[in-house]
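**Q** From the sequence below, what's the structure:
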Amino acid sequence: MGYGANTLIIGSTSVIGSAIQLELQTIVRVKTAGRRNADYFFDLAEPRAQLSTNEQFDTAILVAADFGGPTEADLIRATQTNVVGSLTACQFAANAGAEHVILISSVSASYEIGDAYFNAYSLTKRLSEDVTKFYCQQKGIALTIVRPTQIYDSDERCRTKQRLLYTIVDCARDGRDFTISGTADPLE
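**A** Below is the predicted model of the structure:
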């Protein structure tokens, strides 16, 4: 199932959301929802987030996310945004007649407790996938989950979260050598 003629992007000001919007708006009608610079105001971190419109959408793409952090408050905020927010977005999509939801998740959702990089983001992205799968299955909505790994953008908006990737690109662009080393077994 492809993109519908009317597509809603939730989280359109994110790096990935902006790129999707830029590409899609040349082939379909795109509307956006988010906290800023959007057609519809929608804050996934709000416990009573509501998004209402009389417009119908064939496809809803959910890109918004919260990276969490080390504190309990960070975990609560990430859970509200990534889990409850995903459910709220799915509910809106269903009410707007969407036949397809596309959830842009993260490879982090595959991490398990005990993995070196498991954190609040990993946990809440996995829960986001589960709640979205459950909801879409109950409503008969097609679901696609995309799990990107490393994200690079020429405006460097992802640099703080992807330091190694940007260092490699910087060195390659400048013709500098770089060494990758470590003590972990690369096969594990």
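**Q** can you list the residues that contact stretch 98-115?
**A** The contact list for stretch 98-115 (C-beta atoms under 8 Å, 6 or more residues apart in numbering) reads 1, 3-4, 8, 11, 16-17, 20, 57-63, 65, 86, 89-90, 93, 117-119, 121-122, 125-126, 128-129, 132, 136, 141-149. For glycine as for every other residue, the C-beta is placed from the backbone atoms N, C-alpha and C.
**Q** by contact count, what packs against the longest helix along the chain?
**A** Identified as the longest helix of the chain according to DSSP state H is helix 120-139. Applying 3 or more C-beta pairs under 8 Å, 6 or more residues apart in numbering; DSSP states H and E, one finds that helix 120-139 makes contact with helix 72-79, helix 85-95, strand 100-104, strand 142-146.
**Q** and the first one, how far from the chain's centre?
**A** Which is helix 72-79. Distance of helix 72-79 from its chain centroid, counting by C-alpha atoms, centre = their mean, to the nearest Å, is 17 Å.
**Q** List phi and psi for the residue nearest to the spatial centre of the chain.
**A** In the chain, the centroid-proximal residue (C-alpha atoms, centre = their mean) is Val63; its distance is 3.3 Å. Main-chain dihedrals, Val63, degrees, to the nearest 10: phi -120, psi -20.
**Q** Hmm, it is touching Leu8, no?
**A** No: under the criterion of C-beta atoms under 8 Å, Val63 is not in contact with Leu8, lying 10.8 Å apart.
**Q** and the protein, what are its domains?
**A** What automatic domain parsing lists as the domains of the chain is 6-149, 153-183.
**Q** what's the first-to-last distance across the first one?
**A** For domain 6-149, the separation between the terminal residues is 28 Å (C-alpha to C-alpha, to the nearest Å).
**Q** check contacts around Ala184.
**A** Ala116.
**Q** Please confirm that Gly17 is located within a strand.
**A** No: according to DSSP: H, G, I helix; E, B strand; the rest coil, Gly17 belongs to no strand; its state is helix.
**Q** Report the separation between it and Gly34.
**A** 8 Å (C-beta to C-beta, to the nearest Å).
**Q** Can you work out which residues contact both of these two?
**A** 10-11, 64.
**Q** Most neighbours among these, which one is it?
**A** Ile10 (30 neighbours; other C-beta atoms under 10 Å).
**Q** Surely it is in contact with Thr59?
**A** No: between Ile10 and Thr59 there is no contact under C-beta under 8 Å: 11.2 Å.
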